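Novice: fold the following and give me the result.
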Amino acid sequence: MRVREFAWPDHDGVVALWAVTGRAVLSRAELTAALARDPQLFLVAEVDGDVVGVVLGTFDGRRGMILRLAVDPAHQRGGVATMLVAELEGRFAALGCPRVNLLVLPEDTTALRFWQALGYVPQPDVLCSKPIAR
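Specialist: Next up, the predicted model:
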């Protein structure tokens with residue numbers, strides 16, 4: 001398995017992976033914007049040329065954010081997610097990022113246990129969001 005930066009030929013594999021794992025699929029425009037800001041923080045894991053894992057990181061100069069971590073069900077529990085997160089954390093550190101945040105749905109206890117095992121601590125902050133029309 002190899003972890004590397006996303007490249008546009010990976011797009012279909014990433015979209016399929018997000019879809020099969022129930023993650024929201026980012027539009028091509030959203031991906032283009034993310035790549036314009038932080039291309040080194042959009043990572044894929046591949047096995048024999050197939051995308052088996054993906055994670056998207058962002059950094060605003062103050063905090064990092066981990067988004068859309070997904071692993072092909074056939075490769076789950078094989079260390080793919082841990083490798084992706086470790087690589088992403090290293091890249092955050094190289095950028096001088098002092099803290100990384102992520103969102104976990106309260107009912108997703110499996111994800112919560114995964115993140116806690118990697119040292120992430122749940123915070124009692126209240127998240128509010130609002131879609132902004134373009």
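
Novice: list the buried ones in the longest strand seen in the chain?
Specialist: Counting by DSSP state E, the longest strand found in the chain is strand 50-59. Buried positions in strand 50-59, judged by neighbour count with 16 or more other Cβ atoms under 10 Å: 51-57, 59. For the C-beta atoms, the positions are set from N, CA and C on the backbone; glycine is no exception.

Novice: closest to residue 27 among the residues you listed?
Specialist: Within those, distances to residue 27 taken as Cβ to Cβ reach their minimum at residue 56, with 13.1 Å.

Novice: okay, and for the chain, where does confidence drop off?
Specialist: For the chain, residues meeting the criterion pLDDT under 70 lie at 125-134.

Novice: the most centrally placed residue in it bridge partners, please.
Specialist: By Cα atoms, centre = their mean, the chain has its centre lying nearest to residue 55, at 2.5 Å. According to DSSP bridges, the partner residues bridging residue 55 are residue 43.

Novice: if we can go back for a sec, can you name the element that comes right after the longest strand of the chain?
Specialist: Sequence-wise, the next helix or strand downstream of strand 50-59 (DSSP states H and E) is strand 64-71.

Novice: by contact count, what packs against that next one?
Specialist: Secondary-structure packing of strand 64-71 (3 or more Cβ pairs under 8 Å, 6 or more residues apart in numbering; DSSP states H and E): helix 11-20, strand 50-59, helix 80-94, strand 100-102.

Novice: measure the nearest residue to residue 37 once chain neighbours are set aside to residue 72 for me?
Specialist: In space, and not counting its chain neighbours, residue 37 is closest to residue 58: 6.8 Å by Cβ to Cβ, 6 or more residues apart in numbering. To residue 72, residue 58 is 23 Å away according to Cβ to Cβ, to the nearest Å.

Novice: what's the angle between the longest strand of the chain and strand 64-71?
Specialist: With axes from the mean of the first three to the mean of the last three Cα atoms, to 10 degrees as the basis, strand 50-59 and strand 64-71 are set at 170 degrees to each other.

Novice: strand 50-59 packs against which elements?
Specialist: Counting contacts by 3+ Cβ pairs under 8 Å, 6+ apart, strand 50-59 is packed against helix 11-20, helix 28-37, strand 42-47, strand 64-71, helix 80-94.

Novice: thanks again, I'm all set now.
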